[in-house]
Structures are given as structure tokens and as C-alpha cells.
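Colleague: Provided below are the primary sequence and the corresponding predicted coordinates.
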Amino acid sequence: MKHIARNLIFLIIVFVFLGFASFASAAARYWVGASTGATANWNTTASWSATSGGASGATVPGASDDVIFDGGGGFVGGVVIDAAVNVISITATSGYTGAGTNDGRIDNDTNDQTIAVSGDVTLYNKRVSMGTATWTVSGNWDSADVTTLNHNSSNLIMNGTGKTFTAADIYNNRVNLTIANGVNIQVGAAASIANIRNLDVIGTLTIPTGITLTSIDASSISVSGAVTGVGTFKAIRGSISVMSGTIDVATFDHMLGTAANNNSLVPAQYDSATVLIRTYNSVAEFNFLNGNYIFTGNVTFTVYADHTSLTVDNSANPNLEFRGNVTIDQTNGIVNWTKGTGTITLGDNPSNGTQTINFAGKSIEDLVVNAPGDTKQLTANVTTDTLTETAGTLNRNGYTITIL
């Protein structure tokens, strides 16, 4: 029995020691690689210390380490990432700055290394160049206070659950953002507007009240998951290229440039309470593609202040269904409607009630009223090839419907 007890005590001591050793292996690594004006490589023990501004020689940061750039000891020189990175977190404080060209700089553009962070990335430093590389972050991302963020051709993949993405309203600080499968990312409230470029939503992206997430000059916006919340999703000079998921926010604002291939939505159902289709450049064009579109909320086609005109091109012959109010607003400029051979259906609104219809006297496609329990009320004249009233009430409200 004594022998068994001794062995048991020994095993307990071993397990406690191993557990302590495992816990103790997680460590902070502070950048001490370069002083002002200089640069140094990431992948050398000469660049790292176990304390802020301390002696170099600590191990290169690994999967159990937190990485900190704080300028301690005057080590504000730039880091050149020369090996793949896999760490717990990366924090660059406002102390990591300086007057030199390379000061306060995290450079992944030179060697384009893969970056994996199991926790948070928080950037308050002078300059970050992300490189032609993939950054995979499982925690929160905060780049709102970095002075210059060069996204290069990188892709930021966020694969955490219930995490936040916080970015600045700075045109050049955009990143290509992927919300990975099965995650829920919330746009952080630290910035009222967050700029990104290309966007791929596979999981769930939640935009809270008062926040605008802007995708600007995107060649691709893909939504196979969900963009949701009570904020605003704004797409400027970018097209929705994949829409097998949902966009259901308070306002979906699609601002249009002059290039036709950057001004379209793929045929799908769009569920936002308000959809704005309007100009970003002075003269802009919007293209409905061939297929079926459903808008469950209110839709407005309009010209932004100080702009000239918007052309809505339906020559691809789409079928459009509007379940809420539909408005062509020419307060600031002309909206041209190039009709095709599809149909426009005034569809069933789940809340029933009255929806206002204003096509601003334009000549539109075949018009169908199919809205049981609803009243569709005109607020302007309209010209159409045919009118079919299947269900619901069409209140002409003193305006004229001209049948060609």
C-alpha cells in the first residue's frame, strides 16, 4: 500500500509539473530587433525579448506566445517578417512609432508570409504592410488606429465566433475580408464607418446600429452566408457577384460608378428594409441581369446630390418583384429607365397595408399586381405595355396608367 501511495504521489507531482510547464510555456515576446531608422528580421532570437525593452535572445514567437510591439527601450525600428507566423496575438501599441521611414512598421510585403493568429490583432502603430498573403485571425481584428494599412493583395480570414472587426474610415486602409464558415463577426462600434475592399461572407456578418460597413472598389462581393443587423451595408463601385445567402440589414446602399461591370446585383432575393440604388460618380449606370429579382423592403432609385444622372438598364430582360415601396426619385437629377421584355410585379408584403408606387412617369415593363391584402397606391403617372391585376388593390390615386 505504501508503495502504491508513493507512486500515486509521484504521478500527481509529475502531472502538476507538466501542467505548470505547459502553462508556463505561454509567454510574451517583445520586439527589440531594431532601433529608430533601422529594420530587422522577425525570425531570429536577436529580435525578441521576454520583457519590454529588455535583453534580446528570447525564442522567436510561436503558437503559445503573445507578440507585442510597444517601442520599449527605443526599439521602434521596423520588423521584416521573413518566416510564417503562428502566434496567440499581435499587439502594436501607439508607442511603436518614430520619425524614421521604417519606424513603427510591420512589413509582410517583402516576403509575403502566411500569418496565423489564434487570438486578437490590435494595431495602433505607424504602418502595416500585409503583403500578398493570407492572414487568418480567430480573435478580434482592430486596425482603426493604425496610421497606414497597406492591404496589398492580402486576404484577411476571420474564423472566430462572436468576434469584432474594427477598421478605419480611410480609403487606403481597406482589406480584403473573408468571414469564414460557421462564424459570427460583428463590426466593431469603435468606428462608425469601416472600409474594406473585396468581401466574401460564408458565415454571418452582423452590422450593429449606427455602423456602416463599406466595400469600395470591390471586384467581388460574395454572400453565401448572411449579412445581417440593423446597420448599413454600403457597396461603392462594386458588384454582388454571388448571392446564395442573405443581405438583411436596415439599409443596403448600392452606390454606382461609370463602369458597367461594377454596377450590378446578381438575380436573388434582397431582404433589407431599405435598398438604395444611386450614383457615386456623376453619371452612373446600373444593370439588372437576366433572371428573377425580389426586393422585400423599400427600393429607391436616385441621383446623389451634385450628380447628373442614373441609367437603370433592363436590356438583359430581368423579372423584378417589389414587395415594399418603389420610388424613382429625380430630386437631384434624371433617372433613365431602359426597359426590357421582363415583368415588374408589385408583390405581397407580409405586413399588408399600403405601399406607394412611383415610377416617375417612366415607360416600364409589363406590370403585374399580385399582392393579396395589400393596396398598391400610385404617387406618379406610369406607362406600361400591359397591366395584370391578379390580387390586391391598385389605387390609381388620381394618376394615369397608360397602356401602350
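Modeller: Thanks, I have it. All values reported here derive from a predicted model rather than from experimental measurement.
Colleague: in a strand, G73, correct?
Modeller: No: assessed with DSSP: H, G, I helix; E, B strand; the rest coil, G73 is helix; it does not lie in a strand.
Colleague: how about it: what's its closest non-neighbour residue?
Modeller: Nearest residue to G73, sequence neighbours excluded (C-beta to C-beta, 6 or more residues apart in numbering): G53, at 2.5 Å. To be clear about C-beta, it is placed using only N, CA and C from the backbone, and glycine gets the same treatment.
Colleague: count the neighbours of that neighbour for me.
Modeller: 14 (other C-beta atoms under 10 Å).
Colleague: next, give phi and psi for it.
Modeller: With angles defined as degrees, to the nearest 10, G53 sits at phi 70, psi 10.
Colleague: so it sits right up against W31, yeah?
Modeller: No: the criterion here is C-beta atoms under 8 Å, and G53 misses it with W31 at 9.7 Å.
Colleague: overlap of the contact sets of these two?
Modeller: F75 (C-beta atoms under 8 Å, 6 or more residues apart in numbering).
Colleague: so F165 sits in a helix?
Modeller: No: the assignment for F165 (three-state DSSP) gives strand, which keeps it out of a helix.
Colleague: report the beta-bridge partner residues of it.
Modeller: W141, V187 (DSSP bridges).
Colleague: so what pLDDT did the residue nearest to G73 get?
Modeller: If you check G53, the pLDDT there is 98.
Colleague: T308: neighbouring residues, count only.
Modeller: 14.
Colleague: so it is in contact with E285, correct?
Modeller: No: taking contacts as C-beta under 8 Å, T308 lies outside contact range of E285: 11.9 Å.
Colleague: buried set for stretch 243-250?
Modeller: Neighbour counts over stretch 243-250 (16 or more other C-beta atoms under 10 Å) mark 243, 245-250 as buried.
Colleague: could you do stretch 315-329 as well?
Modeller: For stretch 315-329, by 16+ other C-beta under 10 Å, it's 318-329.
Colleague: what ranges of the chain fall below the confidence cut-off?
Modeller: 1-25, 171-172, 189-191, 259-262 (pLDDT under 70).
Colleague: quick one, helices of it?
Modeller: Under the criterion DSSP state H, the chain contains helices at 2-24.
Colleague: from what I see, I364 and L387 are in contact.
Modeller: No: applying C-beta under 8 Å as the test, I364 and L387 come out as separate, 10.6 Å apart.
Colleague: between the two, which one's more packed in?
Modeller: Using other C-beta under 10 Å, the more surrounded residue of I364 and L387 is I364, with 21 against 14.
Colleague: and the furthest pair within the buried residues of stretch 243-250?
Modeller: M243 and A250 (18.4 Å; C-beta to C-beta).
Colleague: now do the contacts for the closest residue to S129 other than its chain neighbours.
Modeller: Distances taken as C-beta to C-beta, 6+ apart place D109 nearest to S129, at 3.8 Å, with adjacent residues excluded. By C-beta under 8 Å, 6+ apart, the contact set of D109 is 129-132, 150, 152.
Colleague: among these, which ones are buried?
Modeller: 129-131, 150.
Colleague: looking at these, which are in strands?
Modeller: 129, 150 (DSSP state E).
Colleague: farthest pair in the buried ones among the contacts of D109?
Modeller: Farthest pair in the buried ones among the contacts of D109, by C-beta to C-beta: G131 and N150, 8.5 Å.
Colleague: pretty sure V175 sits against S153.
Modeller: No: taking contacts as C-beta under 8 Å, V175 lies outside contact range of S153: 10.7 Å.
Colleague: of these two, who's got more company?
Modeller: V175 (25 against 11).
Colleague: so who does the more buried one touch?
Modeller: 130, 143, 149, 151, 154, 156, 167, 196-197.
Colleague: separation between it and S215?
Modeller: Computed as C-beta to C-beta, to the nearest Å, the V175 to S215 distance reads 11 Å.
Colleague: need the longest strand for this structure.
Modeller: Under DSSP E, the chain gives strand 366-378 as its longest strand.
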